[in-house]
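Participant: sequence first, predicted coordinates after that:
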Amino acid sequence: MQDNTSSPLIDAEALAKLQAWQGRSETLVDDITAAPVRALSATLDRDDALPEAGTHLPALWHWLYFLPHHRQSEIGEDGHAKRGGFLPPVPLPRRMWAGGRLNWEASNPLQVGDKVERTSTIASVTHKAGRTGELVFVLVRHEVRNARGLALTEEHDIVYRAAAAPGEKAPPPTPVSKDAAFSREIVPDDVLLFRYSALTFNGHRIHYDRRYVTEVEGYPGLIVHGPLIATLLVDLLRRNVPGVQLARFEFRAVRPTFDIAPFRVHGKPAEGSSDNKTFSLWGEDADGWLTMQATAVLA
Ligand SMILES: C/C(=C\C(=O)SCCNC(=O)CCNC(=O)[C@H](O)C(C)(C)COP(=O)(O)OP(=O)(O)OC[C@H]1O[C@@H](n2cnc3c(N)ncnc32)[C@H](O)[C@@H]1OP(=O)(O)O)C(=O)O
């Protein structure tokens, strides 16, 4: 555990400057094309029919669109865009995707062929003392619309951590529950990670640059993308409950997953879900620790 009693890296004045970003928004437009759908289907080892105009986009596959097309000269040391543009210039160097909450409009599924618009707003910037050290969370709220209106709202939690300290510990582990109704083992080799980074045009070095992730960020291996694990959780549900359409999905990444060993995704009907519409989904690393917990509610 790090010493949380030392003076914080971010004081009240620095936090107030970051909070000046709250309320900022940007709007991007895109087309839901078939090629990325076909490529993700292959990456997830699925046996889908070829996508065509009108094919419904599976839940979370909208992350294949609205990609961050920053110029090369705008890229920072970690491979993401330099901070201080749309996202506030948080001075903690280690960025992670911490979680999210998504709601789909059942009557308006995103489809191949849709022209789409996404409006993103910085909803909050908060400073917390975590068990692993100082944390800054940036909450980004997205609204995705097509020609028929609102299709999806999403809250995305981005977390920033202080630089790695000597002897730093991983987040405290939580054992996974052993009562899964369905499970799948995933081999997170660097080809899988590379393909997902390429599909999402994500330059974040923690997913492909082993020297950077071990020597600069202090992790033991390449880090599996949080959105990829979330996508694998929903994919597990689709494999076991055919025809599912999601109304809501929420997830939290509680411990990083590294490419150095296979991991598992699990699911079961949620306790107390009498209509079988709510499912618990979770990720487990090779040591048996919980890495991601999620809840999916069917439409
Ligand atoms: C793509 C992409 C990047 C990635 O995909 S990175 C890989 C995916 N993400 C991860 O692997 C993150 C794994 N999680 C962690 O490493 C830890 O959970 C984390 C975020 C470092 C926090 O650990 P702590 O033990 O220090 O935190 P505490 O449990 O003590 O909680 C302190 C407060 O923070 C809130 N909180 C904790 N975790 C989360 C979370 N995942 N989402 C939202 N909020 C979280 C917690 O509730 C506490 O808040 P209080 O108000 O109660 O104080 C790319 O960059 O593109």
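Facilitator: In hand now; what should we look at?

Participant: quick check, residue 76 in contact with residue 87.
Facilitator: No: with contact defined as C-beta atoms under 8 Å, residue 76 and residue 87 do not form a contacting pair (10.6 Å). For the C-beta atoms, the positions are set from N, CA and C on the backbone; glycine is no exception.

Participant: which positions in the stretch 1-150 of the chain make contact with the ligand?
Facilitator: Neighbours of the ligand within the stretch 1-150 of the chain, by C-beta under 6 Å from any ligand atom: 95-99, 128, 130-132, 135, 137.

Participant: which of those residues count as buried?
Facilitator: Buried positions within these, assessed by neighbour count (16 or more other C-beta atoms under 10 Å), are 95-99, 132, 135, 137.

Participant: so which of the residues you listed belong to strands?
Facilitator: Counting by DSSP state E, these place 95-99, 135, 137 in strands.

Participant: the residues you listed into a markdown table, with extra columns for distance to residue 158 and pLDDT?
Facilitator: Converted to a markdown table, these look like this (distance: C-beta to C-beta, whole Å; pLDDT from 0 to 100):
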| residue | distance to residue 158 | pLDDT |
| --- | --- | --- |
| 95 | 6 | 98 |
| 96 | 7 | 98 |
| 97 | 7 | 98 |
| 98 | 7 | 98 |
| 99 | 10 | 98 |
| 135 | 11 | 97 |
| 137 | 7 | 98 |
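
Participant: need the pLDDT of the residue in the chain that the ligand sits nearest to.
Facilitator: For the chain, the residue closest to the ligand is residue 130, as judged by C-beta to the nearest ligand atom, at 2.4 Å. Looking at residue 130, its pLDDT stands at 93.

Participant: what do you get for the one 3 residues further on?
Facilitator: Among the per-residue scores, residue 133 holds a pLDDT of 92.

Participant: going forward, begin numbering at 319 instead of 1
Facilitator: With 319 as the first residue, the last one maps to residue 451.

Participant: give the bridge partners for it, please.
Facilitator: Beta-bridge partners for residue 451, by DSSP bridges, are residue 448.

Participant: that one contacts residue 482, doesn't it?
Facilitator: No: with contact defined as C-beta under 8 Å, residue 451 does not reach residue 482; the gap is 9.7 Å.
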